[in-house]
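In: When you get a sec, could you give me coordinates for this:
(2 chains)
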Amino acid sequence: MKKENFLWNAVKTGLLGGAIALFICLIGMVEIFSKRDVIEKVLTLGQFVLLATAAGMGFVAARRTSSLLGDIKPLPLLAAGLTAGLLTGLLIALLVVIGNQVNLRAVFINASPALYDLLTFKKGVGFAWNLPAFGAVAGMLGAAFLLLPKFLRRPLSRALIALVFMALFSGLFRVVMINQGGAWIASAKYLFGQTGLTLPGTLIFFVGVVALTLVWDFKGGQAQSRIARLPKQSQLILRVLVYALIAYVAIGLPQVSGPFIAQVIVTVALFILMGLGLNITLGFAGLLDLGFVAFYAIGAYTVGLLTSYGQFGVQHIPFWVAVPIAVLVAMAFGAFLGLPVLGIRGDYLAIATLGFGEIVRLLAGSDFLAPFFGGPMGVIGIQKPCLGLLGPFLKVDVPRVCNGIELGKPQDIYYVAVVSAILIAFIAWRLRESRLGRAWMAIREDEDVAEALGINLVQTKLLAYILGAAFAGLGGAIFATLIGSIFASSMQLIVSINVVSLIIVGGMGSIPGVIVGAIALIGLPELLREVSEFRYLLYGLTLIIMMLAKPEGLWPSKTTLRELHHAKIEVDAKA
Amino acid sequence: MRTSLGERLVEMAVTGFLWGIRILFVAIIVLGTFFAVRAGKYTSEQWISFVVSGISQGSIYALIALGYTMVYGILRMINFAHGDIFMAGAFAGYFLATWLTGIGFVDGNPILGLLIPILFAMIISAGIAMIVERVAYRPLRGAPRLVPLISAIGASFFLEYAFRGLFGPGIYAYPPVKALEGEWNILGLSILKVQVVVAAAAFLMMAALYSLVMFTKIGKAMRAVSEDKNTAALMGIDANRIIVTTFAVGAAMAGAGGVLYALIFRQVHFFMGFTPGIKAFTAAVLGGIGNIPGAMVGGLVLGVFESIGPSLFLEGLGITRPYQLKDAIAYTMLIMILLFRPSGILGERITSKKA
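Out: Numbering: from 1, shown residues only, chains lettered A, B, ... in the order given. This is a model prediction of the structure:
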């Protein structure tokens, strides 16, 4: 019976793949991604995405087949891969053929002739019938991947991921390398094209990554154990050297990369700040706060009102004095909002805090409070931080002149943001190890038990909430001075969702996880304009996939990992 | 239990603070109403028209709230993506209605021209909800409660931006239905026809749902599963099938609500589900979550409150352009209920197992 239904299985996988491919075409991904190349003049990103779908489906079909058959036989696996890929291609071909007869555009705005041209390589509708063949080849390749020996599979998949990554960021690497001048220019042009990797670049990176992974797989363990065998002192020196190298790169980076990259890094640092804050409330204490953006807004508005020389500036105190005040105000609001809602348990808390966040945004943007916060016009003309003598703490009508170094450009704010992020990460790390941190985790695990053990629930939760608010307030303060103006409309729920997502992706309760999550979810889409169009779609998908496959995150803290896997065993035992 | 002075002080502060909030809100409502009535800016007809539009608006909230309440009743989870299921229904209804209007069908048969898009929206919404349940919720059953909630938030964003990608970021205008233009004179009051039809349709749907849950075999199974999944399974009920049915029925209600919403506001866009979703959740909590008549009552109360609130007690306090804070009223209500009466108007006291 098993043998009979493996083909049906491949058909189902193929239809699913076709549905995914159609979805990718119709949301406009193919069209937008076609402007970028993976390999210049050979393969565009759009084509790559579709081929990868077919190949992935081939792989899945082959794996299902092998589990159905109970062993790995080349012929049925390849047949399954072929079927799945063929069907994926067939559905795309059908889209082209039907789309040429019926005007699908009345419903799907991306079903345009431009899309059909891309799918048929501008060779007319008849060419569409070749697509299933392409799909079948890709599906077979995907299936063949399963047949490779294990030691080859890892380097190959790594190399593919690295290639896509290098191709996506090729423009960036190219610019940075060309800025160096000299021999860099020629090598940049040899490796990277305008929109993707060049053919020689592709080969070099592919072979390089495969070779590196192979070497690491066979020799990496030895190197690690050799380092571990070194005397304590040399280990320390090695570690200091690594940190020094990182510090050197971090200090030099904005000078090399120019304002755009610096601004992206500042944004990432701001989200790291917020992430570390929410990590305390969500990751440590287990309180999901969907209104987190409120504290960010409060920090930003406080700095705005205290330093702006625009219409709404109350005072013109220097940035450095305004920041601690902003943090304190955010903390006060944390206490004010936290006191009532912390009695609410679990998922109700998430909705209640979401309500708070929206109320803050609505009030800040309303005409009612416009005389104080500028309403929809926002607060503008916020001072840049100034390294120099602190001026008088008074409202003056002319813009303050900075008698020192003005940190006006994004490259300068970069240092402020990065230093604050490091400082806050250190504080968060120390908090985590403290008595308070352990109390938070006890509450996260089981409120009732924690209370029985003598932890004051309200106090401890409130502290988590206040400290989280403080970190977000600091982030908002830096944001205000970076942009120079604040608008209520930029304080949307989506910011809170961003922060929640980056914590989930990085790993709840894990500090390096926050940093990884911020780079992955905030930094990468900022750098890739093509991807940023689909940013929130991918966020949603990421949240679901992370919850299904890896609820502990990419860089989990050790305890979370242990708990989750422990819990899983329990559930298995119950079932 | 021995408590230190500091802890007792904190406790007193919390209690005092909560009482302060209660008094503040009662004061706002009473004073605002007093000043508004004394100022006499609106005539009694205007007040009644506020109430009527509140009822028709609230009946849509009630329709959406049914989905929240039923899913919460069975799975104890907040289906964050429910608002986007509502949006999907509005889109489905919009495309079909545009096509039907284009071929002149709606003008010929106004009743069928309204019913067919609603039915189509119900089917599409139910289908999407079943897929979402299968992919994003079912594998996570039994996980810690934050996990399915986060997955639901992910599903919500995925749906929103998938619709944005598929159908574009623009705002679509729902085609006008000639039969619904103008007003009716009922008891000497002129009331917009759309509002009457929408409220009537919503009440019919709710009545149908209520009888489905109370008087049919599948409704009995739903109630059994929401009472105790394991025992219900022992009685031979396929819990998985019942859960999917619940999702589908709730989503169908939301989908119909989407078309009705589009009939009133005439706007369909990808983000339209968010605010009504949160408000419908408020309605569900207000009526007592898990309680079907509660959702209906909650929706109506919220709709009316939100509709008369800005003019009644915000304008009275001298707040300019109070309708900008309409949403804030709903959110404030949400927080107040969660704070002071989480069991809602009709809800039984929630035991810690259910809450």
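
In: buried ones in stretch A:248-261?
Out: Neighbour-count burial for stretch A:248-261, counted by 16 or more other C-beta atoms under 10 Å in any protein chain shown, picks out A:Leu253, A:Pro254, A:Ser257, A:Ile261. (C-beta placed from N, C-alpha, C; glycine too.)

In: So what's the gap between it and the chain middle?
Out: For stretch A:248-261, the separation from the chain centroid amounts to 21 Å (computed by C-alpha atoms, centre = their mean, to the nearest Å).

In: those helices in the stretch 51-200 of chain A, which residues are they?
Out: A:74-101, A:113-119, A:131-147, A:150-168, A:170-180, A:183-191, A:199-229 (DSSP state H, counting those that start in this stretch).

In: Quick one: closest of those helices to A:Phe356.
Out: Minimum separation from A:Phe356 across these (C-beta to C-beta) falls at helix A:150-168, 37.8 Å.

In: Show me the contact partners of that closest one.
Out: Residues outside helix A:150-168 that contact it (C-beta atoms under 8 Å, 6 or more residues apart in numbering or on different chains) are A:36-39, A:45, A:48, A:145, A:148, A:173, A:196-197, A:201-202, A:205-206, A:209-210, A:213-214, A:217, A:528, A:531.

In: Report the angle between that helix and helix A:131-147.
Out: Orientation check (axes from the mean of the first three to the mean of the last three C-alpha atoms, to 10 degrees): helix A:150-168 against helix A:131-147 gives 130 degrees.

In: ok, and for helix A:150-168, which residues are buried?
Out: Buried, per 16+ other C-beta under 10 Å, within helix A:150-168: A:Pro155, A:Arg158, A:Ala159, A:Leu160, A:Ala162, A:Leu163, A:Val164, A:Met166, A:Ala167, A:Leu168.

In: ditto for stretch A:437-453
Out: For stretch A:437-453, by 16+ other C-beta under 10 Å, it's A:Gly437, A:Ala439, A:Trp440, A:Met441, A:Ala442, A:Ile443, A:Arg444, A:Glu447, A:Ala450.

In: for that stretch, the distance to its chain's centre please.
Out: 30 Å.

In: Let me see the residues that make contact with it.
Out: Contacts of stretch A:437-453 (C-beta under 8 Å, 6+ apart): A:280, A:284-286, A:345, A:431, A:455, A:457, A:460-461, A:464, A:509, A:559, A:563.

In: which of these count as buried?
Out: Buried members of these, scored by 16+ other C-beta under 10 Å, are A:Ile280, A:Phe284, A:Ala285, A:Gly286, A:Leu431, A:Ile455, A:Thr460, A:Lys461, A:Ala464, A:Gly509, A:Glu563.

In: who's in contact with the third one?
Out: By that I understand A:Ala285. A:Trp440, A:Met441, A:Ile443, A:Arg444, A:Thr460, A:Lys461, A:Ala464, A:Tyr465.

In: Any stretches of the chain with poor pLDDT?
Out: Going with chain A. A:1-4, A:310-315, A:346, A:386-405, A:557-575 (pLDDT under 70).

In: hmm, I had chain B in mind actually
Out: Judged by pLDDT under 70, the stretches of chain B that qualify are B:1-3, B:188, B:316-318, B:320, B:347-355.

In: what are the ranges of the helices in it?
Out: Taking DSSP state H as the criterion, chain B carries its helices at B:5-39, B:44-75, B:82-102, B:105-108, B:110-132, B:146-167, B:193-215, B:217-227, B:229-234, B:239-265, B:274-287, B:292-309, B:326-340.

In: Just the terminal-to-terminal distance for stretch A:249-265.
Out: End-to-end distance of stretch A:249-265 (C-alpha to C-alpha, to the nearest Å): 13 Å.

In: ok, residues contacting that stretch?
Out: By C-beta under 8 Å, 6+ apart, stretch A:249-265 touches A:172, A:175-176, A:179-180, A:409-411, A:413-415, A:417-418, A:482, A:523, A:526-527.

In: Among the buried residues of stretch A:248-261, which ones are in strands?
Out: Among those, DSSP state E puts none in strands.

In: nearest to chain B, of those residues?
Out: Closest to chain B out of the buried residues of stretch A:248-261 is A:Ile261 (26.4 Å), distances taken as C-beta to the nearest C-beta.

In: Tell me where chain A has strands.
Out: Using DSSP E, the strands found in chain A span residues A:37-39, A:43-44, A:379-380, A:386-388, A:404-406, A:485-486.

In: residue nearest the centroid of the chain?
Out: All of this refers to chain A. A:Leu521 (1.1 Å; C-alpha atoms, centre = their mean).

In: ah, I was thinking of chain B
Out: By C-alpha atoms, centre = their mean, chain B has its centre lying nearest to B:Ala280, at 2.2 Å.

In: Touching, that residue and B:Gly83? I think so.
Out: Yes. Between B:Ala280 and B:Gly83 there is a contact at 7.1 Å, judged by C-beta atoms under 8 Å.

In: Need the overlap of contacts for the two.
Out: Joint contacts of B:Ala280 and B:Gly83 (C-beta under 8 Å, 6+ apart) are B:Ile64.

In: Please spell out the PyMOL selection for the buried subset of the contacts of stretch A:249-265.
Out: The buried residues among the contacts of stretch A:249-265 can be selected in PyMOL (16+ other C-beta under 10 Å) with this line:
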select buried, chain A and resi 172+176+410+411+413+414+415+417+418+482+523+526+527
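
In: Tell me which residues touch B:Phe25, please.
Out: Residues in contact with B:Phe25 (C-beta under 8 Å, 6+ apart) are B:Thr332, B:Met336.

In: how near is it to B:Phe340?
Out: Distance, B:Phe25 to B:Phe340, by C-beta to C-beta, to the nearest Å: 10 Å.

In: What of A:Val102?
Out: 56 Å.

In: and which of the buried ones among the contacts of stretch A:437-453 is nearest chain B?
Out: Looking across the buried ones among the contacts of stretch A:437-453 and measuring by C-beta to the nearest C-beta, the closest to chain B is A:Gly286, at 7.2 Å.

In: doesn't B:Leu146 make contact with that closest one?
Out: Yes. Using C-beta under 8 Å, A:Gly286 is in contact with B:Leu146, at 7.2 Å.

In: All the helices of the stretch 351-500 of chain A, residue numbers only.
Out: All helices of the stretch 351-500 of chain A, identified by DSSP H, counting those that start in this stretch, fall at A:370-373, A:410-433, A:435-445, A:447-452, A:457-483, A:493-506.

In: Make JSON lines from these and add distance to A:Leu131 to it.
Out: Formatted as JSON lines, the helices of the stretch 351-500 of chain A follow (distance: least, C-beta to C-beta, whole Å):
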{"stretch": "helix A:370-373", "distance to A:Leu131": "56"}
{"stretch": "helix A:410-433", "distance to A:Leu131": "45"}
{"stretch": "helix A:435-445", "distance to A:Leu131": "51"}
{"stretch": "helix A:447-452", "distance to A:Leu131": "56"}
{"stretch": "helix A:457-483", "distance to A:Leu131": "46"}
{"stretch": "helix A:493-506", "distance to A:Leu131": "34"}
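
In: hang on, the earlier thing: reformat the contacts of A:Ala285 as TSV; add distance to A:Ile27.
Out: Supplementary listing: those in TSV, determined by distance: C-beta to C-beta, whole Å:
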residue	distance to A:Ile27
A:Trp440	41
A:Met441	41
A:Ile443	41
A:Arg444	37
A:Thr460	45
A:Lys461	41
A:Ala464	39
A:Tyr465	38
